[in-house]
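S.K.: below is the sequence, then the predicted model.
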Amino acid sequence: MRYFFTSLIIINVILFGLGNIVQAKPVNIPVQNTAASNTNDADINQLINYFFAAARTGDNTVINRFLEAGFPINQVNNQSYTSLMVAAYNGQYKTTQLLLQHGANACIQDKRGNTAIMGALIKAEVSIARLLYAQKCDETLTNKSGLTVEEFAQYWGQSEALNVTQ
């Protein structure tokens, strides 16, 4: 199954080129044919979904293929999450590590103002939380509830994960 998806990704990259796929914002491609435009957008969204599925399941082979092809590591999905957030939340330590090694930004916030470390804390992924905490985001960064990462950890009963005293 992994080879099927990898092949499909490579075929899509060849057919549609990286110029339209690697942008981290919505793609506006001027075309005459509306059906062709919808198809291209659907293909781009499908590639994004594959990348996030690989982050969720810890498929580092697929993650590496995307990154080698120039896929933007901090791409957000339609829920405002990055692949780092998805990997951390789903307990994928090695994938989280891989994404960080390739330059993933641990300080990006989702639509609620939460970062990848906050997702790891919710799921009590202590080793991932510690890995992300070492990335040193701005200490004054708060989510939309007004909580810093330390306060968030305390709220979720995970202060020890950060070695934060209560």
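M.R.: Now that the structure is in, tell me what you want to look at.
S.K.: switch to C-alpha atoms for all contacts and neighbour counts from now on
M.R.: Fine.
S.K.: hang on, residue 120 packs against residue 131?
M.R.: No - Residue 120 is not in contact with residue 131 according to CA atoms under 8 Å; the separation is 10.0 Å.
S.K.: so those two - more neighbours on which side?
M.R.: Set residue 120 next to residue 131 and count neighbours by other CA atoms under 10 Å: residue 120 wins out with 28 against 17.
S.K.: packing partners of the helix or strand the more buried one falls within?
M.R.: Assigned by DSSP states H and E, residue 120 belongs to helix 116-122. Contact analysis of helix 116-122 by 3 or more CA pairs under 8 Å, 6 or more residues apart in numbering; DSSP states H and E lists helix 83-89, helix 126-133, helix 149-155 as its packing neighbours.
S.K.: which of those helices is buried the deepest?
M.R.: The highest mean neighbour count among these, using mean count of other CA atoms under 10 Å, belongs to helix 83-89: a mean of 28.
S.K.: and that one, what does it pack onto?
M.R.: In terms of contacts (3+ CA pairs under 8 Å, 6+ apart), helix 83-89 is packed against helix 34-57, helix 93-101, helix 116-122.
S.K.: restricting to C-alpha, output it in PDB.
M.R.: C-alpha atoms of helix 83-89 as PDB (Å, rounded to 0.1, in the frame of the first residue of the first chain):
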ATOM      1  CA  SER A  83       2.500  18.000  10.000                       C
ATOM      2  CA  LEU A  84       4.500  18.500  13.100                       C
ATOM      3  CA  MET A  85       1.300  19.100  15.100                       C
ATOM      4  CA  VAL A  86      -0.300  16.000  13.600                       C
ATOM      5  CA  ALA A  87       2.800  13.800  14.300                       C
ATOM      6  CA  ALA A  88       3.100  15.000  17.900                       C
ATOM      7  CA  TYR A  89      -0.500  14.600  18.700                       C
END
